[in-house]
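K.L.:
Quick one, structure for this:
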Amino acid sequence: MQPTSMRRQLARWWGWLVASTLLGGLLVSARYLEMADPAGGAGALLFRASMLVGHLGSLAALLLLPVLLVALAAPRPRLVVPLGVASSTVLLLALLADTQVYQLFRFHINSAVLELLTGGAAAATFVFPAEMWALAVGIAVAVLAWQAWLG
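P.N.:
The predicted structure is shown next:
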């Protein structure tokens, strides 16, 4: 296959990767809506829905842009597809972690939270049972398997 044709095919694949990441992000972000104020009626609901689609679509396209650049520079599916699947999986898992932090503390992951999680006292502050680690690994494997299947 010609490199130009492969670039075009991989660019199209990247578009579908962004769309599937957006869809996964919308499913994960439904957790935010549990905590949203239901006031405002249909207009507020329509605004929230369009804002969420626009925000997550932009986020997915921007954070997956390096995958497109690799696809255009080195049009090899064996390189681009695993990179895209891994990048999309990391993005969805980060969004999932953010929704969990938001549900617990009502703020998003930021530098203070990262410092708290990675600082010297993190091991003493956060003690997670083995079941929680197993659940986290299971969720990560499920998201990776789903994205790999879509890829």
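K.L.:
the helices in this structure, which residues?
P.N.:
Assigned by DSSP state H, the helices in the chain fall at 3-33, 41-63, 65-73, 77-105, 111-118, 122-125, 130-150.
K.L.:
Pull the residues that contact the last one.
P.N.:
Same thing as helix 130-150. Leu17, Ser20, Gly24, Val85, Ala86, Ser88, Thr89, Leu92, Leu93, Leu96 (C-beta atoms under 8 Å, 6 or more residues apart in numbering). Bear in mind the C-beta positions are built from the backbone N, C-alpha and C, glycine included.
K.L.:
Over to the second one?
P.N.:
Taking C-beta under 8 Å, 6+ apart as the criterion, the residues outside helix 41-63 that touch it are 18, 21-22, 25-26, 29, 32-33, 36, 40, 87-88, 91.
K.L.:
Tell me the most packed of these, by neighbour count.
P.N.:
Neighbours here mean other C-beta atoms under 10 Å. Within these, the largest count is held by Ser88, at 28 neighbours.
K.L.:
Look up the closest residue to that residue, ignoring the ones flanking it.
P.N.:
Spatial nearest neighbour of Ser88, chain neighbours left out: Thr21 (4.5 Å); criterion: C-beta to C-beta, 6 or more residues apart in numbering.
K.L.:
shaky segments in the chain?
P.N.:
1, 121-126 (pLDDT under 70).
K.L.:
Which residue would you name as the spatial centre of it?
P.N.:
Leu92 (2.2 Å; C-alpha atoms, centre = their mean).
K.L.:
count of neighbours near the closest residue to that one other than its chain neighbours?
P.N.:
If the residues on either side of it in the chain are set aside, Leu92 comes closest to Gly24, at 5.0 Å by C-beta to C-beta, 6+ apart. Counted with other C-beta under 10 Å, the neighbours of Gly24 add up to 22.
K.L.:
I figured Gly24 hits Ala94, correct?
P.N.:
No: Gly24 lies out of contact with Ala94 (C-beta atoms under 8 Å); the separation is 11.8 Å.
K.L.:
List the contacts of Arg106.
P.N.:
Here Arg106 is in contact with Met35 (C-beta under 8 Å, 6+ apart).
K.L.:
my bad, Gly25
P.N.:
Leu56, Leu59, Ala60, Leu91, Leu92, Leu95.
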